[in-house]
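Colleague: Predicted structure and sequence below. I'll ask about it afterward.
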Amino acid sequence: MRFRYLTLIILLISLPACQDQKKIIIRGEITGEIPEKLEYTVPVHGVCNYGFKDFVQPDSLGKFKIEIETEEEVFIKLMINNVQGTLISEPGKSYNVRLDLNNKETPFSVSGKYSSVQEAYNKLPSPVHIQIGAGEFLRDTLAAKIKTTIDQRRTDEIAVFEKFLADKMISPGVFELIKNDRNAYYDAILSTIAWIKDLMVIQGAVKSFPDDFRNLWIETFDQSLISNPVLVKSPWFNFYAETYIYFKDYMNGNFTKEKIDSVMESGQMKAYRVSKAKEYLPPEIQEYFIADYLYQECIQKQYEKELVGLFDNFKSDYPESKFNHYISPLIDEIVEFHQPSEFSEKMIFVNNYQNKNSLAEVAATLPEGKIYVDVWASWCGPCKVEFNHKENLTGLLQKNDIQMLYISIDRDRDSIQWKNMIKFYNLEGYHVRANEELQDELIKIFDNNGSINIPWYMLIDNNGNILKKHAGRPSQIKQLEKEINEI
């Protein structure tokens, strides 16, 4: 009997220790203006993806604590607006991090024994999109030169962590995590370069796909990482897998202008992409890739009904998927978007807006006073994110007797979507969809080599005179209030 009691006591004592071995604890401090929340990626099946995230609320001193259950080495990204850092994490370990919002050069740091490892990783290239990383090579005409440069960078970066491994600063598991990540990143860059070169042929920008870039594409996937399930842990996995699908389509003769046009005309491009993921990717990584694809398409806020059906299929294939939790709210929003609705009396379309050829002509139709201009489009994701702050914006503008003017640069074929967006987001104010002449004038005012970056906000008067060429965004309400007071 005593032996049984002793065994039970030992089990009860050891249980918390076993649980702690599956937990990552992150303690941190934020300096600067304390935000309402700090977001962090949740390693669902070990992945590191901006879409699958949670948040924690810092206390009044900027301190916070995050606990994550996992049994494997993972990357965890911590994010506050445009400030972010990546933590290389192992189960059973605790980390102390600092986010200094006043430090523009190195806002993220990790203290303790492994700080040098964390610092080294966070200095590695990490563009917002893989095409930005590939961009520096797109003007190069020699594939061999590009590959030599990229392979050298890859080797140099991995060598840094090989030394950490030799010095017992990191475990073999962490080294493999980082090595796979660097291989995924640089192979994604190589394959993206080849894909863009071929896409330029399809779009008619160049006459032919050079043989050496075709061979570069083939060589990149000759010993493909795609069969390695650990690949999904890399933040670059989805870019790598996407170009792998394009590559397989190319090798099967399906990556052609005729095929792409045919799929586009069918209105089933997203279903086609999902079907190709199922055809080309190993089963063990299909769930994550398709979940990420659906999520990324949903956050574009185009509200295509096709996504509702594709998500239903995904839930049927993966009824217990942990990714469903992150995608479901976005699908609900699409369903809501397609519910019947009406324009409110405060949504005013400028009379004869189709023939307003200048900012001055539009401004003259509004009540006298200053005008806050939002240049946007229905296809612009960041534009729609700013609509979340319209209540504070409306209050500020009303207090200062400033009119709200929305100028859309949507094309004629998107006019219905433009009006649906106005209703869905309840955009009260004056509305114009710019014709070619007005768009040309906006391009000249923006003055950026013939392009406009949206969302774009201005303050103007009734004569169309620019009072503030680049005004604060709705999400920067304090900055905007200061600008209004200064003009």
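Modeller: The structure has been received and is ready for your questions.

Colleague: Please, where are all the strands along the stretch 301-450 of the chain?
Modeller: 347-349, 371-376, 403-408, 429-433 (DSSP state E, counting those that start in this stretch).

Colleague: closest one to residue 321 among these?
Modeller: Taking Cβ to Cβ, strand 371-376 is the member of the strands of the stretch 301-450 of the chain nearest to residue 321, at 33.9 Å. Every residue, glycine included, has its C-beta placed from N, CA and C.

Colleague: Name the next helix or strand following the longest helix belonging to the chain along the chain.
Modeller: Determined from DSSP state H, the single longest helix within the chain is helix 172-202. Next helix or strand after helix 172-202 toward the C-terminus (DSSP states H and E): helix 211-220.

Colleague: Quick one: residues in contact with whichever helix or strand comes after that next one.
Modeller: Toward the C-terminus, helix 211-220 is succeeded by helix 237-251 as the next helix or strand (DSSP H and E). Here helix 237-251 makes contact (Cβ atoms under 8 Å, 6 or more residues apart in numbering) with 47, 49, 129-130, 184, 187-188, 191-192, 194-195, 198, 217-218, 220-221, 224-226, 231, 234, 255, 273, 276-277, 279-281, 285, 288-289, 292-293, 296.

Colleague: Let me see the contact set for residue 442.
Modeller: Residue 442 sits in contact with 359, 375, 407, 409, 434, 452, where contact means Cβ under 8 Å, 6+ apart.

Colleague: tally of neighbours for the fourth one?
Modeller: By the measure other Cβ atoms under 10 Å, the count of residues near residue 409 is 22.

Colleague: Check what pLDDT it gets.
Modeller: With respect to pLDDT, residue 409 scores 97.

Colleague: Residue 85 looks like it's in a strand, true?
Modeller: Yes - counting by DSSP: H, G, I helix; E, B strand; the rest coil, residue 85 is part of a strand.

Colleague: what's the average pLDDT for stretch 443-458?
Modeller: 92.

Colleague: now, which of the contacts of residue 442 sits nearest residue 308?
Modeller: residue 409 (27.8 Å).

Colleague: Check the spacing between that closest one and residue 279 real quick.
Modeller: 37 Å (Cβ to Cβ, to the nearest Å).

Colleague: what does residue 431 give?
Modeller: Taken as Cβ to Cβ, the span from residue 431 to residue 279 is 44 Å.

Colleague: Show me which of the two is the more surrounded one.
Modeller: Taking neighbours as other Cβ under 10 Å, residue 431 and residue 279 compare with residue 431 leading, 20 against 12.

Colleague: Pretty sure that one sits against residue 422.
Modeller: Yes - between residue 431 and residue 422 there is a contact under Cβ atoms under 8 Å: 6.2 Å.

Colleague: hey, what's in contact with both of these two?
Modeller: With Cβ under 8 Å, 6+ apart as the test, residue 431 and residue 422 both reach 347, 406.

Colleague: For the spatially closest residue to residue 40 that is not a sequence neighbour, name its beta-bridge partners.
Modeller: Nearest residue to residue 40 in three dimensions, chain neighbours excluded: residue 78, at 5.0 Å (Cβ to Cβ, 6 or more residues apart in numbering). Here residue 78 sits in beta bridges with residue 40, residue 85, going by DSSP bridges.

Colleague: which residues touch residue 78?
Modeller: By Cβ under 8 Å, 6+ apart, the contact set of residue 78 is 26, 28, 38-40, 84-87, 97, 99, 108.

Colleague: Low-confidence ranges, the chain, go.
Modeller: Within the chain, the segments meeting pLDDT under 70 span 1-20.

Colleague: So which residue is smack in the middle of it?
Modeller: Nearest to the mean C-alpha position of the chain, by Cα atoms, centre = their mean, lies residue 50 at 6.4 Å.

Colleague: OK, contacts around it?
Modeller: Neighbours of residue 50 in contact, by Cβ under 8 Å, 6+ apart: 41, 77, 79.

Colleague: Roughly how far does residue 140 sit from residue 252?
Modeller: Distance from residue 140 to residue 252, by Cβ to Cβ: 28 Å.

Colleague: Over to residue 293?
Modeller: 20 Å.

Colleague: The two - which one has more neighbours?
Modeller: residue 293 (21 against 12).

Colleague: ok so, going back, redo the contacts of residue 78 as JSON lines? Include distance to residue 114 and neighbour count.
Modeller: Listed next are these as JSON lines, based on distance: Cβ to Cβ, whole Å; neighbours: other Cβ atoms under 10 Å:
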{"residue": "26", "distance to residue 114": "13", "neighbour count": "22"}
{"residue": "28", "distance to residue 114": "15", "neighbour count": "24"}
{"residue": "38", "distance to residue 114": "21", "neighbour count": "22"}
{"residue": "39", "distance to residue 114": "23", "neighbour count": "17"}
{"residue": "40", "distance to residue 114": "18", "neighbour count": "21"}
{"residue": "84", "distance to residue 114": "19", "neighbour count": "18"}
{"residue": "85", "distance to residue 114": "14", "neighbour count": "22"}
{"residue": "86", "distance to residue 114": "13", "neighbour count": "21"}
{"residue": "87", "distance to residue 114": "10", "neighbour count": "23"}
{"residue": "97", "distance to residue 114": "12", "neighbour count": "22"}
{"residue": "99", "distance to residue 114": "18", "neighbour count": "24"}
{"residue": "108", "distance to residue 114": "14", "neighbour count": "22"}
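
Colleague: Redo these as JSON lines? Include distance to residue 158.
Modeller: Shown next, in JSON lines, are the contacts of residue 78 (distance: Cβ to Cβ, whole Å):
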{"residue": "26", "distance to residue 158": "26"}
{"residue": "28", "distance to residue 158": "28"}
{"residue": "38", "distance to residue 158": "31"}
{"residue": "39", "distance to residue 158": "29"}
{"residue": "40", "distance to residue 158": "26"}
{"residue": "84", "distance to residue 158": "23"}
{"residue": "85", "distance to residue 158": "21"}
{"residue": "86", "distance to residue 158": "17"}
{"residue": "87", "distance to residue 158": "20"}
{"residue": "97", "distance to residue 158": "24"}
{"residue": "99", "distance to residue 158": "28"}
{"residue": "108", "distance to residue 158": "22"}
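
Colleague: so which of these comes closest to residue 371?
Modeller: Nearest to residue 371, judged by Cβ to Cβ, of the contacts of residue 78 is residue 39 at 34.5 Å.
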